[in-house]
Each structure stands twice: as structure tokens, then as C-alpha cells.
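Colleague: For reference, the sequence and a predicted model appear below.
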Amino acid sequence: RKEVEQDPGPFNVPEGATVAFNCTYSNSASQSFFWYRQDCRKEPKLLMSVYSSGNEDGRFTAQLNRASQYISLLIRDSKLSDSATYLCVVNPMEYGNKLVFGAGTILRVKS
Amino acid sequence: DVKVTQSSRYLVKRTGEKVFLECVQDMDHENMFWYRQDPGLGLRLIYFSYDVKMKEKGDIPEGYSVSREKKERFSLILESASTNQTSMYLCASSENTEAFFGQGTRLTVV
């Protein structure tokens, strides 16, 4: 079983739609969770951290479910510019700040 | 502005060559990482380092080695390049949480 698993998509949605991605992780001791965004032919960049209580940043909401070992990302009112690959990232806390990436979920927002 | 710089954007090497990929960060970060990214597989960790001269194997270290003689520089070495090492290589550095990536090196081994 992979340490971090995501549905690869692609998710094809119209502008203005709400879309949600889930990600599961295998190491129950994991403490830190993140969503990164990667545009085509670019390096990944941090989108947001995921906190136990859930957190929101504008149109983006991230949630953590420790009991079921998954994290989610909700995007409301999708924009064309949201088209990208979204990477789920977990720090399993085995060695300091090692980061384990999921394979990514492709989002395509169409007009 | 934070910066992670990889020495080359594109490289073409022959099978059996020794290949050096260099990465430099200017943020004084303790942690540095080398990943490779392949379609459908995402980013896979090759090696990481949490201090000068310290290194740990990631998930796919075979065929690779690393060097960290100075805090700001983390080098990935392919001792004898093979065609299955054709990939996008990404270097990153981090302090506590957020990782900052270089622009990547697209390596083709022919």
C-alpha cells in the first residue's frame, strides 16, 4: 500500500463548480499534512497546510479526518486559473521533516 | 524571496556516464531533499539530508548517491546513468513545514 494515495483524476469541471479531492495516508503517526499545487511544467508550491480543526483560505477548505486517515481539499467557485495538479503531502514523522507526496490529482476547469 | 536553484533545466547524458545534479538554497534551511517525478507516480523521495554531511535514504535510493558538504548545497549523483533514470528531478529545502522547490532538471539518459 502506498503511503499517500490520491485519485489521479482528471476532474473536469465547469467554472463556478465546487470540487473536492480526497487523499488517504497509511501511517497513523503522521502529524503534518499539506496540499501543494503544481502547474504544468512548474515546480510544486504550497497551497495550504491542513490543521486538525480544519482550515479555510478564501475559496479553499482543507480538512483532516484522523480516525479514517484522510485529508480533503474543497474548492468552491472554481476558476480557470485553478487548473493544476493538486498534491497531497504528509510528514510521517519518521525522520524530522521528511515529506511524502501523493501522485497528484489533475483538475481542469473549463469555461 | 526564497530561492532554490538547480544547476540545469535540461540534461542529456549517455548510459554509463556519471551525472551530477546540483542544488543550492539561500534560506539557511536544515533540510534538503531530492525527488524524482514520473507520470502517474508523483514525486518519489530519493534521498534527504537534515544537516551538513548527514543523509538518509528515501524510498528509491538505488542507483543514486548524495553529497552535502555545505549547508546550502545538496548534490545528487548518478554513479552510472541508466535509461530508467530518465526523469524530472526536483530538489527542495525546508525548515519546519513548507518545502520550497527548485525549477527541476529534466534528465534524459540515452
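Modeller: Done, it's in. Computed from a predicted model, the values in this text were never measured in an experiment. Numbers count the residues shown, from 1 in each chain, chains lettered A, B, ... in the order given.

Colleague: Does anything pack onto the helix or strand of chain A with the lowest mean pLDDT? Which helices or strands?
Modeller: When each helix and strand of chain A is scored by mean pLDDT, DSSP states H and E, strand A:100-101 comes last, with a mean of 89. If contacts are counted by 3 or more Cβ pairs under 8 Å, 6 or more residues apart in numbering or on different chains; DSSP states H and E, strand A:100-101 sits against strand A:84-91, strand B:42-51. All C-beta atoms are positioned from the backbone trio N, CA, C, and that covers glycine.

Colleague: quick one: buried residues of whichever helix or strand comes after the longest one?
Modeller: Toward the C-terminal end, the helix or strand that comes next after strand B:42-51 (DSSP states H and E) is strand B:54-57. The neighbour-count criterion (16 or more other Cβ atoms under 10 Å in any protein chain shown) identifies B:K55, B:E56 as the buried residues of strand B:54-57.

Colleague: Point out where chain A drops to low pLDDT.
Modeller: A:93-97 (pLDDT under 70).

Colleague: Which single residue of it ends up nearest chain B?
Modeller: A:A103 (3.3 Å; Cβ to the nearest Cβ).

Colleague: out of everything not next to it in sequence, what's closest to that residue?
Modeller: Among residues not flanking A:A103 along the chain, B:G42 sits closest, at 3.3 Å (Cβ to Cβ, 6 or more residues apart in numbering or on different chains).

Colleague: thought A:C23 was touching A:G104?
Modeller: No - A:C23 is beyond contact range of A:G104, at 9.8 Å (criterion: Cβ atoms under 8 Å).

Colleague: which residues touch the residue nearest to A:A103?
Modeller: A:L87, A:F101, A:G102, A:A103, A:G104 (Cβ atoms under 8 Å, 6 or more residues apart in numbering or on different chains).

Colleague: returning to what we had before: what residues are shared contacts of A:C23 and A:G104?
Modeller: Here A:C23 and A:G104 have A:Q6, A:C88 as joint contacts, going by Cβ under 8 Å, 6+ apart.

Colleague: For chain A, what lies in contact range of chain B?
Modeller: A:8, A:32, A:34, A:42-46, A:49, A:87, A:89, A:95-104 (Cβ under 8 Å from any Cβ of the partner chain).
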